[in-house]
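Chemist: My questions concern the predicted model and sequence given below.
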Amino acid sequence: MSDGDREAFRSVAVELQILEGTAETLQSRLNLVNAALTELNIARMTLEGVEKETPDAPLFVPVGGGSFIKARLDSNDKVVVGVGAGVSIERSAVEAKETLQNRVSELEKSRTALQQQLVQVVGRIQEDRERLQDLSVKLGQAGRRAGVSEAQGRS
């Protein structure tokens, strides 16, 4: 077995580790995007439901841990929407839904890009695993030949 094959084996093994780390990172990002999409879709559906309610309608407001407080709807046409950096502004329900839909569209684009990157990385991982397997077989065969040569030299 040549030193070049050994070096190629080490190189592919390192690249494989890096690619696997990259795949894990991409999957984590994809999970975060999916969670954000779920949250935005729930918010959009909630706004659609609130629009159908009359002012002073009773509501259960989630406070976490499966707990709720009772409240009354003050207005069904105004919504406070976060715009980033801890800043929120009041908007009409229609504008709020548009804002949420725009965010959903942007996140879906991000999700598509992340999925494409993940597919490419996973494909490369497959290629590297196959290459590593081939190099491993070569190394094993060369090692067996070297062992046979040594044994014959001792006879």
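Modeler: Right, received. Where do you want to start? Numbering: from 1, shown residues only.
Chemist: hey, let's count contacts and neighbours off CA atoms from now on
Modeler: Will do.
Chemist: So which residue is smack in the middle of the protein?
Modeler: In the chain, the residue lying closest to the centroid (CA atoms, centre = their mean) is Leu30, at 1.6 Å.
Chemist: check which helix or strand covers it.
Modeler: Using DSSP states H and E, Leu30 sits in helix 3-51.
Chemist: Within the sheet, what are the partner strands of the helix or strand following that helix, with directions?
Modeler: Toward the C-terminal end, the helix or strand that comes next after helix 3-51 (DSSP H and E) is strand 58-64. Paired strands of strand 58-64, with direction, are strand 67-72 (antiparallel) (DSSP bridges).
Chemist: Just the mean pLDDT for the partner strand, thanks.
Modeler: What strand 67-72 shows for mean pLDDT is 95.
Chemist: got it, and stretch 54-62?
Modeler: 90.
Chemist: repeat for stretch 37-49
Modeler: 93.
Chemist: do stretch 93-106 as well
Modeler: pLDDT averaged over stretch 93-106 gives 94.
Chemist: Put the alpha carbons of it into PDB.
Modeler: Output of stretch 93-106 as PDB, limited to C-alpha atoms (Å, rounded to 0.1, in the frame of the first residue of the first chain):
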ATOM      1  CA  ALA A  93     -55.500  42.400  11.200                       C
ATOM      2  CA  VAL A  94     -55.200  42.300   7.400                       C
ATOM      3  CA  GLU A  95     -51.700  44.000   7.500                       C
ATOM      4  CA  ALA A  96     -50.700  41.600  10.300                       C
ATOM      5  CA  LYS A  97     -51.800  38.600   8.200                       C
ATOM      6  CA  GLU A  98     -49.800  39.900   5.300                       C
ATOM      7  CA  THR A  99     -46.800  40.400   7.400                       C
ATOM      8  CA  LEU A 100     -47.100  36.800   8.700                       C
ATOM      9  CA  GLN A 101     -47.500  35.500   5.200                       C
ATOM     10  CA  ASN A 102     -44.400  37.400   4.000                       C
ATOM     11  CA  ARG A 103     -42.400  35.800   6.800                       C
ATOM     12  CA  VAL A 104     -43.800  32.400   5.900                       C
ATOM     13  CA  SER A 105     -42.700  32.900   2.300                       C
ATOM     14  CA  GLU A 106     -39.200  33.900   3.300                       C
END
